[in-house]
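>>> return atomic coordinates for the entry below.
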Amino acid sequence: MGSAVSPAWPMSYLTTFGPRADPVTGLTWGLIVLSLAVILIVTILVVAGAAVRRLRAASAGEALPVGGSAGGWSWIWIGLALTLIALVAALAWTIAVMAAVGSPPARPALTLEITGHQWWWEARYLGAAPGQTFVTANEIHIPVGRPILIRLTGADVIHSFWIPALAGKTDTIPGRTNLTWLQADHAGTYRGQCTEYCGLQHAHMAAFVVADPPADFEAWREGQLQLAAPATGPAASGEELFVERCGACHTVRGVAAGGVAGPDLTHLMSRATLAAGTVPNTVSGLEGWIANPQALKPGARMPPSNLSGPELGQLAAYLETLK
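I've put the predicted structure just below:
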């Protein structure tokens, strides 16, 4: 089973780790500093103006009349000039950043088709031949230091795919394909989230991008291409239960289960979580999710299994073999 997902910077867009996000982060910090500088300058001028007027009134022994004073227009023109310079600089910087992140710096190393469902992410890895294509869910592996092209679409309603440490937000819209790309320059796990309200479990629609060293990624991909091994021993009964009770919605390549309504489970136990980050992928988490998913994720498309205790154990034993 995969290790627990614990990204170092969960959902932070102010610290980034790739060329798709780094220029935007620099622009963000620059605009924050500019805004704070404007606030500071305006505050100092207002406070200084009020203090000078109070001192003049005190020295004159009476309140000064309200009205214009000599040199007032010069401050207005200075302010307008500085504002224009700051706005033009911010505009030029923004345009430069948009050009820098508009397309990957090199030919993408791989193309993914990611589909937003209520409430999980389907990831299809496209290969050069049909036998090199496979599907996984929610936990997306990519090689470190290589740009990845992503084609996004929605299966039901509009979702929004966002991995803040690696890339900005892009909507997944039913009937339309949107393109984005990302690249991770450091190995690690980066948490993402749907950011377009999409229904009851919108908040429980996480995605995880796992950036592996290239050799580790290739080993992971080779493993994902393998079919599920035939179940033996106690798990064999669980395989029969799976095909009968779960095969209409889920796929396990290598057995007679080819449903597409739910995630592909061929290598389920290589993932760290279940239900798009809702439940840790442990034995107890797996059994609890199978027994009553509505208790853990109300509104999820997966109905209660209504299995007996022994049946639940047999099914869980089979699923634990899917590594």
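
>>> please count neighbours and contacts with C-alpha atoms only from this point.
OK.

>>> can you report how many residues lie near A206?
Neighbour count of A206, defined by other C-alpha atoms under 10 Å: 24.

>>> er, T232 I mean
12.

>>> what strand or helix carries it?
Assigned by DSSP states H and E, T232 belongs to no helix or strand.

>>> check it and give its pLDDT.
We note a pLDDT of 83 for T232 in this prediction.

>>> measure it to A81 for me?
78 Å (C-alpha to C-alpha, to the nearest Å).

>>> and L200, by the same measure?
From L200 to A81 the distance is 50 Å (C-alpha to C-alpha).

>>> then G49?
With C-alpha to C-alpha as the criterion, G49 and A81 are 20 Å apart.

>>> buried sites along the helix or strand L34 falls within?
Secondary-structure assignment from DSSP H and E places L34 in helix 22-60. For helix 22-60, the neighbour count (16 or more other C-alpha atoms under 10 Å) marks 22-27, 31 as buried.

>>> adding pLDDT and distance to Q183, write those out as a markdown table.
What follows is the buried residues of helix 22-60, written out as a markdown table (pLDDT from 0 to 100; distance: C-alpha to C-alpha, whole Å):
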| residue | pLDDT | distance to Q183 |
| --- | --- | --- |
| D22 | 93 | 10 |
| P23 | 94 | 13 |
| V24 | 94 | 14 |
| T25 | 93 | 15 |
| G26 | 93 | 17 |
| L27 | 94 | 18 |
| L31 | 94 | 24 |
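
>>> if we can go back for a sec, who does the helix holding L34 touch, helix- and strand-wise?
With contacts taken as 3 or more C-alpha pairs under 8 Å, 6 or more residues apart in numbering; DSSP states H and E, helix 22-60 sits against helix 72-101.

>>> the helix it packs on relative to helix 22-60, how many degrees between them?
Counting by axes from the mean of the first three to the mean of the last three C-alpha atoms, to 10 degrees, helix 72-101 lies at 170 degrees to helix 22-60.

>>> show me what counts as buried in helix 72-101.
90, 93-94, 97, 100-101.

>>> what is the mean pLDDT for that helix?
Mean predicted lDDT for helix 72-101 stands at 89.

>>> please apply the same query to stretch 197-204.
95.

>>> with stretch 239-253 instead?
92.

>>> quick one: pLDDT of A261?
Reported pLDDT for A261: 91.

>>> quick one: it from L34, how far?
Taken as C-alpha to C-alpha, the span from A261 to L34 is 49 Å.

>>> just say helix, strand or coil for the closest residue to A123 other than its chain neighbours.
Excluding the flanking residues, the one nearest A123 by C-alpha to C-alpha, 6 or more residues apart in numbering is I114, at 4.5 Å. Taking DSSP: H, G, I helix; E, B strand; the rest coil as the rule, one finds I114 in the strand state.

>>> with the one 10 residues further on instead?
For R124, the secondary-structure state derived from three-state DSSP is strand.

>>> what secondary structure does the residue nearest to it when sequence neighbours are not counted sit in?
Using C-alpha to C-alpha, 6+ apart and skipping residues adjacent in sequence, the residue nearest R124 is V135, 4.4 Å away. Recorded secondary structure, V135: strand (three-state DSSP).

>>> could you check the pLDDT of V135?
95.

>>> what about the nearest residue to V243 once chain neighbours are set aside, neighbour count?
Closest residue to V243 apart from its sequence neighbours, by C-alpha to C-alpha, 6+ apart: A257 at 5.4 Å. The number of residues packed near A257 is 22, by other C-alpha under 10 Å.

>>> in which helix or strand would I find A257?
Applying DSSP H and E, one finds A257 within strand 256-258.

>>> who touches that strand?
242-243, 246-252 (C-alpha atoms under 8 Å, 6 or more residues apart in numbering).

>>> can you give the strand pairings for that strand, parallel or anti for each?
Next to strand 256-258 in the sheet, as set by DSSP bridges, lie strand 251-253 (antiparallel).

>>> so I290 touches P304, yeah?
Yes: under the criterion of C-alpha atoms under 8 Å, I290 is in contact with P304, at a separation of 7.1 Å.

>>> these two: who's more crowded?
I290 (19 against 13).

>>> confirm the more buried one sits in a strand?
No: the assignment for I290, made by three-state DSSP, is helix rather than a strand.

>>> just give the closest residue to it, not the sequence neighbours.
Closest to I290 by C-alpha to C-alpha, 6+ apart is S305, at 6.2 Å.

>>> which of the three states applies to the one you found?
coil.

>>> contact partners for it?
If you count contacts by C-alpha under 8 Å, 6+ apart, S305 has them with 245, 290-292.
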